[in-house]
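J.: Coordinates for the following, if possible.
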Amino acid sequence: MSTLTERQREILDFVTAFIERERMAPTLAEIAAAFGFSQARSAQQHLQAIQAKGHLSLLEGKARGIRVHGKASLRGKRNDLLSLPILGRVAAGVPIGAAADFDGQLRVDRTAFSPMPDYLLKVKGESMRDDGILDGDLVAVQRASDARNGQIVVARLEDEITIKRLKTDGRKILLLPRNPEYAPIVVPRGADFAIEGLYCGLVRLG
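T.: Next up, the predicted model:
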């Protein structure tokens with residue numbers, strides 16, 4: 001293995017500690033935020049340099065596809081499989097009635113998700129297309145009743161459930177699609193509205 005620069009060593013130590021603490025690797029965005037990089041691309045370039053020196057491996061196509069060589073990688077591989085229940089459907093389009101029926105379990109790689117999900121919902125519709133969420137996908141959701149502006153959320157409006165980006169502007173609440181063919185949903189004042197969960201990632205079958 002080649003010697004790392006001081007910054008590369010700091011990033012490798014951060015990744016190693018993150019894996020040991022969270023049992024998953026950080027995303028490029030999380031590394032960029034930790035080191036004050038303006039773009040995730042900068043984090044990727046550092047990781048590629050560290051990989052070239054033999055200290056880690058990058059798995060193509062995985063958001064958390066970092067494998068540190070040595071003891072840290074062994075610690076991070078414990079309990080990597082997570083069994084999640086599939087609970088009904090969620091609309092990526094016009095909201096549909098919330099389906100609470102249980103539709104089986106699916107074992108997934110926990111390192112693919114952040115934050116850690118509690119259940120899966122099957123997507124119907126294409127309104128979140130530009131965020132890579134497509135009709136038929138299974139979205140992983142962590143139960144939550146609060147969310148930050150701009151996060152992708154599973155929300156309930158009256159008796160219907162949908163997945164959208166949350167936008168709050170003063171006392172106004174909007175649920176934003178990520179497809180120009182769909183209009184934002186304005187949450188009326190006094191409506192029976194609640195955040196049901198946070199989007200953690202997705203599973204695409206077939």
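J.: Just the buried positions in stretch 45-54, please.
T.: Within stretch 45-54, the residues that count as buried by 16 or more other C-beta atoms under 10 Å are H46, L47, A49, I50. All C-beta spots, glycine's among them, are computed from the backbone N, C-alpha and C.
J.: By mean pLDDT, which helix or strand of this protein comes out lowest?
T.: Lowest by mean pLDDT, DSSP states H and E among the helices and strands of the chain is strand 96-97, with a mean of 42.
J.: quick one: contacts of the following helix or strand past that one?
T.: Later in the chain than strand 96-97, the nearest helix or strand by DSSP states H and E is strand 102-109. Outside strand 102-109, the residues within contact range by C-beta atoms under 8 Å, 6 or more residues apart in numbering are 80-88, 120, 122, 138, 140, 203.
J.: next one: stretch 36-50
T.: Identification of contacts with stretch 36-50 by C-beta under 8 Å, 6+ apart yields 4, 7-8, 11-12, 15, 27-29, 31-32, 35, 56, 58, 66.
J.: how about the CA coordinates for it, as CSV?
T.: Output in CSV follows, covering the C-alpha atoms of stretch 36-50 (Å, rounded to 0.1, in the frame of the first residue of the first chain):
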residue,chain,number,x,y,z
GLY,A,36,-16.6,21.1,3.8
PHE,A,37,-16.4,20.2,0.1
SER,A,38,-18.8,22.1,-2.0
GLN,A,39,-19.5,19.1,-4.3
ALA,A,40,-19.7,15.3,-3.7
ARG,A,41,-17.4,15.0,-6.7
SER,A,42,-14.5,16.2,-4.6
ALA,A,43,-15.1,13.4,-2.1
GLN,A,44,-15.2,10.9,-4.9
GLN,A,45,-11.9,12.1,-6.3
HIS,A,46,-10.2,11.7,-2.9
LEU,A,47,-11.7,8.2,-2.5
GLN,A,48,-10.4,7.2,-6.0
ALA,A,49,-7.0,8.3,-5.0
ILE,A,50,-7.1,6.3,-1.7
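J.: What residues sit buried inside the helix or strand where Q8 lies?
T.: Per DSSP H and E: Q8 is located in helix 6-22. Buried residues in helix 6-22, counted by 16+ other C-beta under 10 Å: Q8, I11, L12, V15, T16, F18, I19, E22.
J.: State the pair within these that is farthest apart.
T.: Q8 and E22 (21.1 Å; C-beta to C-beta).
J.: tell me the domain ranges of the chain?
T.: Structural domains assigned to the chain are 6-76, 81-203, following automatic domain parsing.
J.: In three-state terms, how would Q45 be classified?
T.: Look at Q45: counting by DSSP: H, G, I helix; E, B strand; the rest coil, its state is helix.
J.: From the contacts of strand 102-109, list the buried ones, please.
T.: Among the contacts of strand 102-109, the ones that count as buried by 16+ other C-beta under 10 Å are L82, L84, I86, L87, G88, L120, K122, L138, A140, V203.
J.: right, and the last one touches L138 too?
T.: Spelled out, it's V203. Yes. Applying C-beta atoms under 8 Å, one finds V203 in contact with L138, separated by 4.2 Å.
J.: Kind regards, and thank you for your time.
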